[in-house]
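S.K.: any chance you can model this:
(chains A and B)
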Amino acid sequence: MTGAPHSGSPSVSHSAVIEVVDLTKVYRGRTQPANDHISLSVERGQFLGVFGPNGAGKTTLVKQLVGLLRPTSGAIFLDGRDVVADPGSIPLKVGYYGQKVAALRHHTAREVLVFTGCLRGLSVAEARSQAGQVMDRFGVGSHADRRLSRQSGGEQRLAVLLSTFIGMPEILVLDEPTNELDPARRREFWDFLREYVRARGATVVLTTHNLTEAEDVIDTVALIDQGRLVANDTLGALKRLADDRIRLELRLRPGIDQGIEQALQTMEGSVHVQRGRWTILAPRERVDQLMRFLIESIGGEGIDDFRLVTPSLEDLYLQLTANTLPQQAELRIDRVDHAQADH
Amino acid sequence: MLIMPKPITDFWWLLCSQLLVLRDQWYWYLVQASFVPVSMLIFLWLLTGRHDPSVMPVFVIGSLVSGLSFGGMLSLGQELGGMKDQNAFEHYAALPISKPAFVAAIATRGMLLALPSAIVMLTIGVAAFQMTVTAPMIVIMVISAYALAGFGAIIGFVSPNAQVSSLVTQILQTIILNFGPVYITMTDLPTALRWIARLWPTTYSAEALRQAAQQQPLAELSIPVGILLGFVVASLIIVPMRLSWRHR
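M.R.: The predicted model follows:
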């Protein structure tokens, strides 16, 4: 989807902590803008997920938010203060996690956290206390005093990522925070982030390619494609915009009556995924009717498993960035074709 | 309880952070900063010093300045260029720290890493060539190390990438040591080179150290030492002004 972004309440707010107005960034020597007239806002305590394909302009946007990149035009306000004119005020409020750890490879994990706290103005005792708490939480005590250069990529990133929370900033800007973390660490991190936001009322802007995990935490979505904001609204509103239908994923027990499979095949919105497995898309108001039909025609014994789901963030992402991602769009068509051929 | 101003505490923590590199690589810094000056001193001794020992104090001072230049200007300039290439400053740019404190910490690190080589050269001078070390020499050595580190910091911060900073520091290193009054005296230089030599901190460092080694009155040292202090102040003021955290 291109053209004017779908934009609901998030972009117009008087209680916005972050307000981006008509932001454009053109890198020196290039003509194509990396960010093209982007406007959005984030309210206090809100989680904004910034998504888009590689090279869409997500990192360019967040680097301007934290003052690491100078915008070509447009304005950014943090708590009403123009931070393009006064970038020095940003670090007082914002904790930023980028993806660079090179400067800290001679530090131990504990030193990264404690030094960061001291540079954020904490006393040594307070910095040590906060570092200890966060390291205990993630169980990194065993290698807290080992230099980052002697740790795995995931451990290095975790140390730098956790340092973002030292000093308890009220705004967090996290660029691909879970890259290189193993699944257990990722889950721990999302739980920690939720708790932090709940306890501190913090505002979060994050970019990630891990949409399934991000879906559990974000409130609003900003979808960027080719430098433009193509969608900006609450997750629910965008899902409804993308596809308001409910998806029934159905698995039948082997040996089910052929007549039932034929009935499913003729049903509107049904796709035969593979033998005994069906996906049926139905408008919300028809879901109870659909369920009644299935129970009556198949019976509880014939259904091996089923679940009802709304479209995922990944579905939404693929649909809204279809123009940029022809291969993925083709892949989806192929899957449906295969399913039909299989049938 | 005494509460230190934030720029002072920033400086302290940034310096501690910068010096952590020593834990892993202090011997490489010492070798890098000492090898060339010691080799050059040996070469000059073989060439002329063993026939005319009276010239050796000039060569020892030249090698001492050369060590300060390797340890301060060359290695710091190259490392900062490399850090810039890797966007390593982003971590610091995202923290509420003062830029002058950051630059002062970087220059102090360069100064501290340059001093061991200078101490090696002084030790050789005292042990092998009966040189006398005076208190002003120690002070000038420290000021020189700071001035050269600041000079390297300017090159590192202003260079667009690691390749440029590496190239610039290596070319400058050759020019300021071989075409300046470091291993030879100012009067031995052609007129044009005398004028160019006035641009480099190494010129004033060598001049001040030679005069201090000859136990000349402090008043005689005031001009070269004043200019060296000017290099220090300029690097601590100009660099923070030029240093932009933000990319364009």
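
S.K.: just the strands in the stretch 101-250 of chain A please.
M.R.: A:171-175, A:203-207, A:220-225, A:228-234, A:246-252 (DSSP state E, counting those that start in this stretch).

S.K.: just those: most buried one?
M.R.: strand A:220-225 (a mean of 26; mean count of other C-beta atoms under 10 Å in any protein chain shown). (Glycine included, C-beta is placed from N, CA and C.)

S.K.: helices and strands around that strand, which ones?
M.R.: Contact partners of strand A:220-225 among helices and strands, from 3 or more C-beta pairs under 8 Å, 6 or more residues apart in numbering or on different chains; DSSP states H and E: strand A:35-43, strand A:47-51, strand A:228-234, helix A:235-242, helix A:313-320.

S.K.: need the ones you listed in a markdown table with distance to residue A:132, can you?
M.R.: Listed next are these as a markdown table, based on distance: least, C-beta to C-beta, whole Å:
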| stretch | distance to residue A:132 |
| --- | --- |
| strand A:35-43 | 31 |
| strand A:47-51 | 27 |
| strand A:228-234 | 37 |
| helix A:235-242 | 35 |
| helix A:313-320 | 35 |
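
S.K.: so where's chain B uncertain?
M.R.: B:1-2, B:242-248 (pLDDT under 70).

S.K.: of all the strands of the stretch 101-250 of chain A, which lies closest to residue A:111?
M.R.: Closest approach to residue A:111 among the strands of the stretch 101-250 of chain A is made by strand A:171-175 (21.6 Å; C-beta to C-beta).

S.K.: do the closest one and chain B meet at all?
M.R.: No. Applying C-beta under 8 Å from any C-beta of the partner chain, one finds strand A:171-175 separated from chain B by no less than 8.7 Å.

S.K.: could I get the average pLDDT for that strand?
M.R.: Confidence for strand A:171-175, expressed as mean pLDDT, is 95.

S.K.: return the list of helices and strands in contact with it.
M.R.: Strand A:171-175 sits against helix A:58-65, strand A:94-97, strand A:203-207, with contacts defined as 3+ C-beta pairs under 8 Å, 6+ apart.

S.K.: residues in contact with that strand?
M.R.: Contacts with strand A:171-175, where a contact means C-beta atoms under 8 Å, 6 or more residues apart in numbering or on different chains, come from A:17-18, A:58-59, A:62-63, A:65-66, A:78, A:93-99, A:161, A:164-165, A:193, A:196, A:202-207.

S.K.: at 7 Å instead, please
M.R.: Identification of contacts with strand A:171-175 by C-beta atoms under 7 Å, 6 or more residues apart in numbering or on different chains yields A:17, A:59, A:62, A:65-66, A:93-99, A:164, A:202-207.

S.K.: give me phi/psi at the residue nearest the centre of chain B?
M.R.: Centre of chain B computed as the mean C-alpha position; nearest residue by C-alpha atoms, centre = their mean is residue B:148, 3.0 Å away. Note on residue B:148: its backbone torsions stand at phi -70, psi -40 [degrees, to the nearest 10].

S.K.: follow-up on the earlier one: a markdown table please, covering the helices and strands packed on strand A:171-175 and showing distance to residue B:34 and mean pLDDT.
M.R.: Shown next, in a markdown table, are the helices and strands packed on strand A:171-175 (distance: least, C-beta to C-beta, whole Å; pLDDT from 0 to 100):
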| stretch | distance to residue B:34 | mean pLDDT |
| --- | --- | --- |
| helix A:58-65 | 41 | 94 |
| strand A:94-97 | 40 | 94 |
| strand A:203-207 | 47 | 95 |
